[in-house]
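# The amino acid sequence is not available; the structure is as follows:
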């Protein structure tokens, strides 16, 4: 089953909802960055959340960035998503190893520690929108829930999960975002809050074969759930040799001449997808021209 996100509404448009299955894109990130299990889980949750939040944006060229700066051993993670289901991301430290947490699960909160979450939305305006909140648990889902409540004033429930195989590959990944729109009926809010406390974890549902549609049925089935859109999602980076060339041009002639004088090829790495681009001395001379 390929990765995809579904968008839905419930309770006569008083609730909007998103759910995602993201095993392949999280596994792609793991392979590209060679991440340890706990970092795969943390980055995978952030990628899954960003993919759903990207789909919330209205225009094709809109871009969303989730940036965590933290005191834990991972030091930070950055993920970027667009409105078309493309998402990419990286962690500053990829090889963190920690013992399991008290529940016997991967200790993402321990890897992240305290810090801040920046949410940057570039919607083609003069300045991007930037929302910033303190991390609440470092477990990602609770931090996004807190961000929606405080920065966007949208009461939300976010569930995210990544389950690893013994061989360190990704077994399951996915999540959901449920949001209450203004003037939602109090009885619906109470029932929904109760329902969210009763459901299984995201990874348990995925392990039992739940699709994104079934996850939303489980939570919102009694509220008159209506599916609006299904969109494929994937780990995708828009870097290219041409883009890197433009970045080298922006360094200026002085820097480029110094590289040429060294007489050795240079290698430029894209942090998001860990692709290396090599430029020979002759190519650098052409760039100077």
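Great, that's in hand. What you are looking at is a predicted structure, and each value in this text was computed from that prediction instead of being measured.
# can we go C-alpha only for contacts and neighbour counts from here?
Noted.
# Would you mind listing the buried residues in the helix or strand where residue 55 lies?
Residue 55 is located in helix 37-56, with elements delineated by DSSP states H and E. When neighbours are counted by 16 or more other CA atoms under 10 Å, the buried residues of helix 37-56 are found to be 37-56.
# do the same with stretch 119-138
Within stretch 119-138, the residues that count as buried by 16+ other CA under 10 Å are 119-123, 131-138.
# Taking those together, which two end up most distant?
Taking CA to CA as the measure, the buried residues of stretch 119-138 reach their widest spread between 123 and 137, a distance of 29.0 Å.
# Not counting sequence-adjacent ones, nearest residue to the residue nearest in space to the middle of the chain?
With the centre of the chain defined as its mean C-alpha position, the nearest residue by CA atoms, centre = their mean is residue 47, 2.1 Å away. Leaving out its chain neighbours, the residue that sits closest to residue 47 by CA to CA, 6 or more residues apart in numbering is residue 79, at 6.2 Å.
# any idea how far that neighbour is from residue 6?
With distances taken as CA to CA, to the nearest Å, residue 79 is found 20 Å from residue 6.
# any chance you could map the helices in this protein?
Across the chain, reading from the start of the chain, the helices by DSSP state H fall at 23-33, 37-56, 108-112, 141-151, 186-198, 202-207, 212-220, 241-249, 253-262, 281-288.
# Where is pLDDT lowest across the buried residues of stretch 119-138?
Comparing pLDDT over the buried residues of stretch 119-138, residue 123 scores lowest. The value there is 83.
# Quick check: phi and psi on that residue?
The main-chain torsion angles of residue 123 are listed as degrees, to the nearest 10 and equal phi -110, psi 30.
# Go ahead and confirm it touches residue 63.
Yes: distance between residue 123 and residue 63: 6.6 Å, which falls inside the contact criterion (CA atoms under 8 Å).
# rewinding a little: most tightly packed of the helices of the chain?
A comparison of the helices of the chain by mean neighbour count, using mean count of other CA atoms under 10 Å, puts helix 37-56 on top with a mean of 27.
# What residues sit buried inside stretch 96-111?
Within stretch 96-111, the residues that qualify as buried are 97, 98, 106, 107, 108, 109, 110, 111, counting by 16+ other CA under 10 Å.
# Could you work out the most separated pair of those?
Using CA to CA, the two most remote members of the buried residues of stretch 96-111 are 97 and 109, lying 12.7 Å apart.
# Tell me how far stretch 266-284 lies from the chain's centre.
Stretch 266-284 sits 25 Å away from the centroid of its parent chain (CA atoms, centre = their mean, to the nearest Å).
# likewise stretch 231-239?
Between the centre of stretch 231-239 and the centre of its host chain there is 11 Å, according to CA atoms, centre = their mean.
# got it, and stretch 204-218?
What separates the centre of stretch 204-218 from the centre of its chain is 20 Å, taken as CA atoms, centre = their mean.
# Equivalent analysis for stretch 178-193, please.
Its chain's C-alpha centre and that of stretch 178-193 lie 26 Å apart, by CA atoms, centre = their mean.
# Stretch 255-275 now?
Between the centre of stretch 255-275 and the centre of its host chain there is 29 Å, according to CA atoms, centre = their mean.
# quick one: contacts for the residue lying closest to residue 195 once chain neighbours are set aside?
With CA to CA, 6+ apart as the measure, residue 219 is the residue that lies nearest to residue 195, at 6.4 Å, once sequence neighbours are left out. Contacts here follow CA atoms under 8 Å, 6 or more residues apart in numbering; on that basis residue 219 touches 192, 195, 196, 199.
# can you tell me how far residue 219 sits from residue 176?
Taking CA to CA as the measure, residue 219 and residue 176 are separated by 10 Å.
# end to end, how far does stretch 88-95 reach?
Length of stretch 88-95, first residue to last, CA to CA: 18 Å.
# Much appreciated, bye for now.
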